[in-house]
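Engineer: just to be clear, the model below is a prediction. Sequence and coordinates:
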Amino acid sequence: MFRLSAIPLDAAALRRELAHPQAGAFASFEGRVRDHNDGQAVVMLEYEAFAALAEKEGARVVAEAREKFPLLQALCVHRTGRLQAGELAVWIGVLAAHRAAAFDACRYIIDEAKTRVPVWKKEHYAGGASLWINAATRGESASSSPPEL
Amino acid sequence: MFRLSAIPLDAAALRRELAHPQAGAFASFEGRVRDHNDGQAVVMLEYEAFAALAEKEGARVVAEAREKFPLLQALCVHRTGRLQAGELAVWIGVLAAHRAAAFDACRYIIDEAKTRVPVWKKEHYAGGASLWINAATRGESASSSPPEL
Amino acid sequence: MKKVRVQYFALLREQRGQTGESLATAAGTPSELYAELRARHGFTLPAERLRVAVNDEFAAWDVPLRDGDALAFIPPVAGG
Amino acid sequence: MKKVRVQYFALLREQRGQTGESLATAAGTPSELYAELRARHGFTLPAERLRVAVNDEFAAWDVPLRDGDALAFIPPVAGG
């Protein structure tokens, strides 16, 4: 399952959504807003989503993980809106009988989601500059207002 | 950091032990008692530890992970004593700036801990049989009272 | 002329100054439509760096545009 | 004769029926000591499937035993 959330993510509450008596392994990933990126202080971050397509593509990523690996349950939730440093941007949890599948699926979901799900991240820096981040090229040429490096 | 715990593990409380402003990625693993193993209903499980050496070897595993991967924090806690199906047996949490290191380290710690830290697991089955589990050979020849398969 | 709806996100939204628009176009494909809009609005991103969605689903750049289609040009994504 | 302490865990503990013992031995190495104890107590695990710890640290099977050493024979582990 995949969904977007405009409100802060509660990792403990998300964890409680997953349970299965045959689950020997739970692997989880949390992506958080770092207070620095490429040497610059990040004061705020915005996630913008093309919601209709992001939810479809996110659901496809999770479904692919379930086809590739023997899983019991899998959930990925991505924040939208404005986040402060330290806030949770994405949460992934995977239950499986065994740990290899749980780890592999968790990593598959975050790797694919980062490059396929139409969500965009704009970092706002301490000096007032901001930058649309590009997962593939990390800031190269997609800048709307280049930070002073 | 590595430690043993004779009391139930609280994943949410363990999660709160880790925090770092540069942490963009948190990867976690929970090993739980499955209600079945190799087709048999597991009613109870015992973990026995050689505590003095387990804590040393566990700490070495975590320290190795910190040398091999760029981590910010890492914690592994392993239960001892009697556990019911569904209970948390081991919890690992790793904070890093980036996700590859967090995933790799989390997996390194569980893989190494399972085969090196002197902790033993005895499964008790619904029929009354019990079995010392061997991580390497899964029940082959280390049985004190072979289950009826 | 077909009537289509275009949604803008992220850098394209900022460069266009709005989240979307309805417009009439002679473009036969998303590729032709993006070239037309890029020329009109000065979008800095070349089509090679974008993907396109038609009616909330990824599409090829050379599918025929139909009257009433909803398009979105998708800048390089960066979730997580 | 040296006096040593031996701790038993898991299957060895069950087969010995106790968690440890102090004993006097003529064995010069952990390898010789395990052979002696295996013969005495009927341990089913061969030394090849065990590791040995001396004074709470992993050790080689052929280190010289010293008076007062604390030994543990370590069955195949299974954490997690």
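Structural biologist: The structure has been received and is ready for your questions. Residues are numbered from 1 along each chain as shown, chains lettered A, B, ... in the order given.
Engineer: which residues touch the residue most central in space within chain C?
Structural biologist: Centroid check for chain C by Cα atoms, centre = their mean gives residue C:73 as the closest residue, at 3.8 Å. Residue C:73 makes contacts with C:6, C:8, C:12, C:30, C:34, C:37, C:50-52, as judged by Cβ atoms under 8 Å, 6 or more residues apart in numbering or on different chains. All C-beta atoms are positioned from the backbone trio N, CA, C, and that covers glycine.
Engineer: just give me the longest helix of chain C.
Structural biologist: For chain C, the helix with the greatest residue count under DSSP state H is helix C:30-41.
Engineer: now it, how far from the chain's geometric center?
Structural biologist: 7 Å (Cα atoms, centre = their mean, to the nearest Å).
Engineer: mind giving me the packing neighbours of that helix?
Structural biologist: Applying 3 or more Cβ pairs under 8 Å, 6 or more residues apart in numbering or on different chains; DSSP states H and E, one finds that helix C:30-41 makes contact with strand C:2-7, strand C:51-54, strand C:70-74.
Engineer: can the helix or strand bottoming out on mean pLDDT in chain A be found next to chain C?
Structural biologist: Ranking every helix and strand in chain A by mean pLDDT, DSSP states H and E puts strand A:36-37 at the bottom, with a mean of 86. No - Strand A:36-37 stays clear of chain C (Cβ under 8 Å from any Cβ of the partner chain), getting no nearer than 11.4 Å.
Engineer: before we move on, back to that, of the helices and strands packed on helix C:30-41, which stretch is the most buried?
Structural biologist: Compared across the helices and strands packed on helix C:30-41, strand C:70-74 shows the largest average neighbour count, a mean of 21 (mean count of other Cβ atoms under 10 Å in any protein chain shown).
Engineer: identify the residues contacting residue A:101.
Structural biologist: Residue A:101 neighbours (Cβ under 8 Å, 6+ apart): A:25, A:69-71, A:94.
Engineer: for those residues, which one is nearest residue A:48?
Structural biologist: Looking at the contacts of residue A:101 and their distance to residue A:48, the nearest is residue A:94, at 26.5 Å (Cβ to Cβ).
Engineer: so what sits opposite the closest one in the bridge?
Structural biologist: Residues in a beta bridge with residue A:94, per DSSP bridges, are residue A:27, residue A:74.
Engineer: with mean pLDDT added, can I get the helices and strands packed on helix C:30-41 in CSV?
Structural biologist: Rendered in CSV, the data for the helices and strands packed on helix C:30-41 read as follows (pLDDT from 0 to 100):
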stretch, mean pLDDT
strand C:2-7, 98
strand C:51-54, 98
strand C:70-74, 98
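Engineer: nearest to residue D:26, out of those?
Structural biologist: strand C:51-54 (78.2 Å).
Engineer: check which helices and strands the helix or strand that comes right after that closest one is in contact with.
Structural biologist: Proceeding N to C from strand C:51-54, the next assigned helix or strand is strand C:58-59, under DSSP states H and E. With contacts taken as 3+ Cβ pairs under 8 Å, 6+ apart, strand C:58-59 sits against strand C:51-54.
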